[in-house]
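>>> With the sequence up front, the predicted model follows.
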Amino acid sequence: MRRIWMSLVGLAVSLGLAMSLTAQGAPPQGKADQPYTVEYYYKVQWGHQQEFLDLFLKNHYPLLQRMVATGRMLSVKIEAPAYHTTEDGRWDYRVTIRFRNSTLATTQNPDEERMIKELWPDQATYKREEQRRFEILLAHWDLPVTDITPAKP
């Protein structure tokens, strides 16, 4: 009887959570065959923003460009804020990637390791510089976004 009661309580909590998420008005995701956009935010240790950007442009951006060339991604845009914010809300770089579809955005690229070895034959240097890029990174978060702009009448 206790097991049945706990199962019912768990079900009620799950339903309540699902209903509250729906009630918050989260926009629906697009169709599986539609472009899928993700914003990647980077917050870097203060004073190391240029070093991070240099390493990103040298050791990650070419890989993103290669993925655009293969059709996995439609576009890559790198932005920095024009003004500063509070420290808790600060981000230094936003990389917006439009994937061809949600499946490609949420699955591992099977060709990524091969591409990395082709782009950076000196793997020791590549790995050392990538390690440094992550050492000076304070925070990183990914935010899938849905365009909810109304269609023109």
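Thanks, I have it.

>>> so after the lowest-mean-pLDDT helix or strand in the chain, what's the next helix or strand?
Lowest by mean pLDDT, DSSP states H and E among the helices and strands of the chain is helix 2-23, with a mean of 43. Next along the chain after helix 2-23, taking DSSP states H and E as the criterion, comes strand 36-44.

>>> and the next helix-or-strand element following that following strand, what other elements does it pack with?
Counting by DSSP H and E, the next helix or strand C-terminal to strand 36-44 is helix 49-59. Using 3 or more CB pairs under 8 Å, 6 or more residues apart in numbering; DSSP states H and E, the elements in contact with helix 49-59 are strand 36-44, strand 93-99, helix 123-135. Where you see a C-beta, it was placed from the backbone N, CA and C, and this is true even at glycine.

>>> List the neighbouring strands of the shortest one plus their orientation.
So that's strand 93-99. Using DSSP bridges, the strands paired with strand 93-99 are strand 36-44 (antiparallel), strand 73-79 (antiparallel).
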